[in-house]
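> My questions are about this predicted structure, shown below with the sequence.
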Amino acid sequence: MRPCALAVLPPDPTLGDLEAVYVERGAQIVACDGARRLAVETLEAERNANALRAKKP
């Protein structure tokens, strides 16, 4: 899994820059967490499927 991108402040940020980056980072963190959760669920489903296949005669 690749690392999630996070917005960074420009040099000498204004209050508007701070607010914009705060909102953008929040959205990026939510998207990253969703991708991480999907990856974990996929891995668990794959392992369960493999375990079921291994039990079949």
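Received it, and whenever you're ready, just let me know what you need. Residues are numbered from 1 along each chain as shown.
> Excluding covalently adjacent residues, which one is nearest to the residue positioned nearest the centre of the chain?
In the chain, the centroid-proximal residue (CA atoms, centre = their mean) is C32; its distance is 1.9 Å. Closest residue in space to C32, ignoring its immediate chain neighbours: C4 at 3.4 Å, by CB to CB, 6 or more residues apart in numbering. For glycine as for every other residue, the C-beta is placed from the backbone atoms N, C-alpha and C.
> got it, and A20?
Of all residues not flanking A20 in the chain, A7 sits nearest, at 8.0 Å (CB to CB, 6+ apart).
> Which residues are in contact with that neighbour?
Residues near A7 by CB atoms under 8 Å, 6 or more residues apart in numbering: 20-21, 24-25, 28.
> Let me have these in JSON lines, extended by neighbour count.
As requested, the contacts of A7 are arranged in JSON lines below (neighbours: other CB atoms under 10 Å):
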{"residue": "A20", "neighbour count": "15"}
{"residue": "V21", "neighbour count": "17"}
{"residue": "E24", "neighbour count": "14"}
{"residue": "R25", "neighbour count": "15"}
{"residue": "Q28", "neighbour count": "15"}
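> Quick check: strands, which of the residues you listed are part of them?
The members of the contacts of A7 all map outside strands under DSSP state E.
> what would those residues look like in CSV with pLDDT and distance to N48?
Output for these, formatted as CSV (pLDDT from 0 to 100; distance: CB to CB, whole Å):
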residue, pLDDT, distance to N48
A20, 96, 42
V21, 97, 40
E24, 96, 36
R25, 95, 34
Q28, 96, 31
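> and which of the residues you listed is nearest to A54?
Q28 (38.9 Å; CB to CB).
> what sits against the closest one?
Residues in contact with Q28 (CB under 8 Å, 6+ apart) are 4-7.
> what's the distance between it and L52?
Distance from Q28 to L52, counting by CB to CB, to the nearest Å: 36 Å.
> about what we covered before: I'd say the residue nearest to C32 and A39 touch.
No. Contact criterion CB atoms under 8 Å: C4 and A39 do not qualify, at 11.7 Å.
> Can you list phi and psi of the residue nearest to A20 for me?
A7 adopts backbone torsions of phi -60, psi 150, taken as degrees, to the nearest 10.
> This completes my enquiry, with thanks.
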